[in-house]
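**Student:** need the 3D shape of this:
(chains A, B, C and D)
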Number of protein chains: 2
Amino acid sequence: MNEKFYLLPEEKQQKIINAGFRVFSENSYKKSPMNEIADCAGISKSLLFHYFHNKRELYLFLWDKACKITMEYLTGYGCYEPTDLFEMMERGMRAKIRMMTKYRSMTAFAIKAFYEKDPEVSLAIHDSYQSYFEMKAQDALTRIDPDDFVEGFDLKMMYREMYLASEGYLWEIIQWDGELDVQKLERDFEDMLKFWKKIYLKRGE
Amino acid sequence: MNEKFYLLPEEKQQKIINAGFRVFSENSYKKSPMNEIADCAGISKSLLFHYFHNKRELYLFLWDKACKITMEYLTGYGCYEPTDLFEMMERGMRAKIRMMTKYRSMTAFAIKAFYEKDPEVSLAIHDSYQSYFEMKAQDALTRIDPDDFVEGFDLKMMYREMYLASEGYLWEIIQWDGELDVQKLERDFEDMLKFWKKIYLKRGE
DNA sequence: AAGACCATTGTCCGTATCGGTCAATTCCTT
DNA sequence: AAGGAATTGACCGATACGGACAATGGTCTT
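**Tutor:** Numbering: from 1, shown residues only, chains lettered A, B, ... in the order given. Okay, the predicted model is just below:
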């Protein structure tokens, strides 16, 4: 890509990036016209091609951007610091909610890109994904002390339960296309957490 | 549409219909080429236009088909008969799982169609949706006897919890693009239900 | 065998859109 | 005014689009 892109005023960069997220999140890679992206960013197609030499380059740049931002959020909210399970879920969810409200189309884009099948980009996406996230996950269950929980049920089941509910929650948010109320979302999720603690934990809190 | 379509052997009808579901579920209405649908159904574009005089007609036909099948499943599995809440959730989920495995792309299509914004079809979709489903829902919570549940927590919260987890579950299924194992899915969900009963119900079962 | 009927297809059309190029224009700085 | 950078409009060849229509080929009847 053309390094001069970074010399643009922040605001203009953002506008272009967001336009890319928007269009690519609504269509497959192949059916996302550069034209539309340029229009959506308020610039000419020519200028877009001036900064990104071709479509693939722009797409991969956006993917990388999305990964970096996600990474920032997750670490910024302490999701990778060792704590107990609920604390981790809360941090993770808070990070995701914030991210989704501030960069909604980016989140949608990231999901779609992850499942993109076009051979022109799919391989690069997957490779990049591995190097970003894959090793970081899955250590959630290891830092659990089973003695904290009420007896007689499957811990994995509980984790899966919570995981699915969170996913359903995020899915609900993504679909909704009105204005998002961060505070309300966070309150909602806190309620869910409280509810879980009450039910799953011995001490109830 | 051309009524002769119904005279085709069932198998061929299905192939065309499924092709439609596939393509329309993967792209927006505008960016779903009739060409692609015909190819996917193994017939010529001309023949497709022979049965459905234009794109809009095919799209709306598919939507109607999806609604009808959904309706059949829901009633067929007794989802509208009055029972207790868990029984209802189980029936509903069983219906949805069966439907998603047998008509996966149809389900994806229905979701996408519901959110379609193209003015050429969006209005018709929404009107139709209302006449199909909207009045039927929301009576789930009314047939609950609060005495059955453990005390001290919000019933609505619980319902929301379960609803979200189910949605997350379905979302997971939709994304997965390998072969689906119905039995495993149903076992999974039954486990979730058992888990819920154990936690939420006084009697534990 | 001839014709009638009908599902199915190939071909064509006019238009629109695609990714991408490039010369021209505008804008800013000195 | 001049030079360089930012930005654009016009253009290209290719292709894809929805849709129309005449031709093909098979099957049944007579």
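
**Student:** use CA for all of it now, contacts and neighbours both
**Tutor:** Fine.

**Student:** I'd like to check the angle between the lowest-mean-pLDDT helix or strand in chain A and helix B:155-175, please.
**Tutor:** Among the helical and strand segments of chain A, the one scoring lowest on mean pLDDT, DSSP states H and E is helix A:155-175, with a mean of 84. What separates the directions of helix A:155-175 and helix B:155-175 is an angle of 80 degrees, with axes from the mean of the first three to the mean of the last three Cα atoms, to 10 degrees.

**Student:** in helix A:155-175, what's buried?
**Tutor:** A:155, A:158, A:161-171, A:173-174 (16 or more other Cα atoms under 10 Å in any protein chain shown).

**Student:** contacting residues around that helix?
**Tutor:** Helix A:155-175 is contacted by residues A:93, A:97, A:100, A:104, A:108, A:146, B:161-169, B:171, B:192, B:195 when judged by Cα atoms under 8 Å, 6 or more residues apart in numbering or on different chains.

**Student:** who are the packing partners of the next helix or strand after it?
**Tutor:** The element immediately downstream of helix A:155-175 (helix or strand, assigned by DSSP states H and E) is helix A:182-200. Contacts of helix A:182-200 with other secondary structure elements, assessed using 3 or more Cα pairs under 8 Å, 6 or more residues apart in numbering or on different chains; DSSP states H and E, are made with helix A:85-102, helix B:155-175.

**Student:** of all those, which one is nearest residue B:25?
**Tutor:** helix B:155-175 (11.4 Å; Cα to Cα).

**Student:** any idea how far residue A:12 is from residue A:103?
**Tutor:** With distances taken as Cα to Cα, to the nearest Å, residue A:103 is found 16 Å from residue A:12.

**Student:** gap between residue A:162 and DNA strand C?
**Tutor:** Shown here: residue A:162 relative to DNA strand C, a distance of 40 Å by Cα to the nearest atom of the strand, to the nearest Å.

**Student:** how many residues are close by the closest residue to residue A:100 other than its chain neighbours?
**Tutor:** Among residues not flanking residue A:100 along the chain, residue A:107 sits closest, at 6.1 Å (Cα to Cα, 6 or more residues apart in numbering or on different chains). Neighbouring residues of residue A:107 were enumerated by other Cα atoms under 10 Å in any protein chain shown; the total is 22.

**Student:** my guess is residue A:107 meets residue A:101, correct?
**Tutor:** No: under the criterion of Cα atoms under 8 Å, residue A:107 is not in contact with residue A:101, lying 9.3 Å apart.

**Student:** any weak-confidence spans in chain A?
**Tutor:** A:134-143, A:152-153, A:203-205 (pLDDT under 70).

**Student:** tell me the secondary structure for residue A:81?
**Tutor:** Using DSSP: H, G, I helix; E, B strand; the rest coil, the three-state assignment for residue A:81 comes out as coil.

**Student:** ok, it to chain B distance?
**Tutor:** The gap separating residue A:81 from chain B is 26 Å, by Cα to the nearest Cα, to the nearest Å.
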